[in-house]
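*Asks:* build me a model from this:
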Amino acid sequence: MILKSLPLILSASIAMAAPIVDIAPESESFLRVPIFNRNPTDLSTVHAMDEARWAPLSNINAADFAAQVEARYFAAPAINELISYTLVCALGTPKQDVELIFDSGSANLWVKPAYYEPGLSTSHKKLDETFSIEYGSANTLGTYRNDVLSLESVTINQDFGITDHVVGISEKTQGIIGVGPDILTKITSKKRTVPTPMDNLLSAGEIKKNIFGVYFERMKDGGHSIRNGEVIFGGYDTSRYSGDIIWADAPTDYPEKAYWGLNFDKITFGDKEISADPINGISDTGTSLILLSPTYFKVLMDAIPSAAIHKDMISFPITSLKSLKDMTFVVKGKELTITPE
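*Replies:* As a prediction, the model looks like this:
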């Protein structure tokens, strides 16, 4: 898919296939939370959602984005609500279950009032703070609160938003739990850094390492509401991957610096180099497709027999499927390969 200027956005189902973090083998001292896939009813619109998600960043240069960081405001990317992974957690005392989109491309936790009633919680605290997040053509705003967040058997105190106004976001979406870098949380009226659930799990001693691992199972037809993987806060499951851990250098330039970015040595398609020089990319659980800037997109399209552009995506006749090549991302000299299958 074409992305106007940002070099590369990767679905985390691809980028996380080989974890980019490392911890020493030890007894399990982390938190496992199952995630569930939400299959779309119309796959033809997936590309539009992914494009809308990153549109605010695709036309911004590094200097302008750095200025936003200093000013502590962001035009945050939107959430892909067609193919999304959610986790079930609970807010309040007693617990009120909510199903939140798990998103590594943002860092705030917010919930719609229909799914969390502050007056029913004895541990709820209202904070003198508002928030507003723009998602391209969508937006949400509301007030910040504090309450108990329950993830499986673990409970922590968490600041989060309750929406008063939502535009352009699916009615079925109950809320979002963001696990991106906390620099992305500075969208409140106080322009402060809001501790993320990861921050609070670590400070409470519930996890020992400030890392998380994500495992996605292959999407299957009719997979709606089926457990499709898990999130591990504080570690990763060595049984979920093969080979060695790859350490990836984090980008030093904006906008990739503000996200879970990584440096790629190069990208190849068969024996064709899509990018012969190093480029930056972003790994994002809320994006279902690989997004490339126009230069790299054209090289890839030219390498596929009878390929054409259809709604900013590569399309090709089914007869070309047998001749598709492996797509390989090289990180620190190690190859991460996606096969045509």
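
*Asks:* what bridges to Phe212?
*Replies:* Per DSSP bridges, the residues bridged to Phe212 are Phe233.

*Asks:* could you check the pLDDT of it?
*Replies:* Turning to Phe212, the model gives it a pLDDT of 88.

*Asks:* that one touches Asp237, doesn't it?
*Replies:* No: taking Cβ atoms under 8 Å as the definition, Phe212 is not a contact partner of Asp237, at 11.5 Å. The way it works is simple: take the backbone N, C-alpha and C, and place the C-beta from them, glycine included.

*Asks:* count of residues packed around the residue lying closest to Gln174 once chain neighbours are set aside?
*Replies:* Leaving aside its chain neighbours, Gln174 sits nearest to Tyr115 (4.5 Å; criterion: Cβ to Cβ, 6 or more residues apart in numbering). Here the count is done by other Cβ atoms under 10 Å, and Tyr115 has 16 residues near it.

*Asks:* helices of this protein, residue ranges please.
*Replies:* Along the chain, the segments classed as helices by DSSP state H run 12-15, 46-58, 62-71, 197-203, 294-302.

*Asks:* which of those helices has the lowest mean pLDDT?
*Replies:* Within those, the stretch with the lowest mean pLDDT is helix 12-15, showing a mean of 42.

*Asks:* go through stretch 181-199 and flag the buried ones.
*Replies:* 181-182, 184-188, 193-199 (16 or more other Cβ atoms under 10 Å).

*Asks:* where does the protein dip in pLDDT?
*Replies:* Counting by pLDDT under 70, the ranges of the chain that qualify are 1-29, 34-83, 135-138, 218-227, 288.

*Asks:* domains of it?
*Replies:* The record's domain parsing of the chain by automatic domain parsing lists 1-20+246-341, 26-39+83-238.

*Asks:* residues contacting Val33?
*Replies:* Going by Cβ atoms under 8 Å, 6 or more residues apart in numbering, Val33 touches Leu87, Cys89, Leu151, Glu152, Glu230, Val231, Ile232, Phe233.

*Asks:* in the stretch 101-250 of the chain, mark out all the strands, start to finish.
*Replies:* For the stretch 101-250 of the chain, strands defined by DSSP state E, counting those that start in this stretch occupy the ranges 109-111, 125-135, 138-151, 154-167, 175-178, 212-216, 227-233.

*Asks:* ok, the third one: who's next to it in the sheet?
*Replies:* This points to strand 138-151. Using DSSP bridges, strand 138-151 pairs in its sheet with strand 84-91 (antiparallel), strand 125-135 (antiparallel), strand 154-167 (antiparallel).

*Asks:* distance to Thr339 and mean neighbour count added to those, as TSV?
*Replies:* Shown next, in TSV, are the strands paired with strand 138-151 (distance: least, Cβ to Cβ, whole Å; neighbours: other Cβ atoms under 10 Å):
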stretch	distance to Thr339	mean neighbour count
strand 84-91	22	22
strand 125-135	33	16
strand 154-167	37	18
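
*Asks:* could you measure Thr268 against Asp302, distance?
*Replies:* Distance of Thr268 to Asp302, given as Cβ to Cβ, to the nearest Å: 14 Å.

*Asks:* higher neighbour count, the two?
*Replies:* A direct count of neighbours by other Cβ under 10 Å for Thr268 and Asp302 places Thr268 higher, at 19 against 11.

*Asks:* so what's the more buried one closest to, chain neighbours aside?
*Replies:* Thr328 (4.7 Å).

*Asks:* and that neighbour, bridged to which residues?
*Replies:* Taking DSSP bridges as the rule, Thr328 bridges to Thr268, Thr337.

*Asks:* check the gap between it and Arg192 for me.
*Replies:* Distance from Thr328 to Arg192, by Cβ to Cβ: 42 Å.

*Asks:* how many residues are close by Lys334?
*Replies:* Other residues near Lys334 come to 15 when the count uses other Cβ under 10 Å.

*Asks:* thought Ile245 was touching it, still the case?
*Replies:* No: taking contacts as Cβ under 8 Å, Lys334 lies outside contact range of Ile245: 9.7 Å.

*Asks:* switch the buried residues of stretch 181-199 over to TSV; also include distance to Lys95.
*Replies:* Shown next, in TSV, are the buried residues of stretch 181-199 (distance: Cβ to Cβ, whole Å):
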residue	distance to Lys95
Pro181	28
Asp182	25
Leu184	27
Thr185	24
Lys186	29
Ile187	27
Thr188	25
Thr193	27
Val194	22
Pro195	21
Thr196	20
Pro197	16
Met198	21
Asp199	22
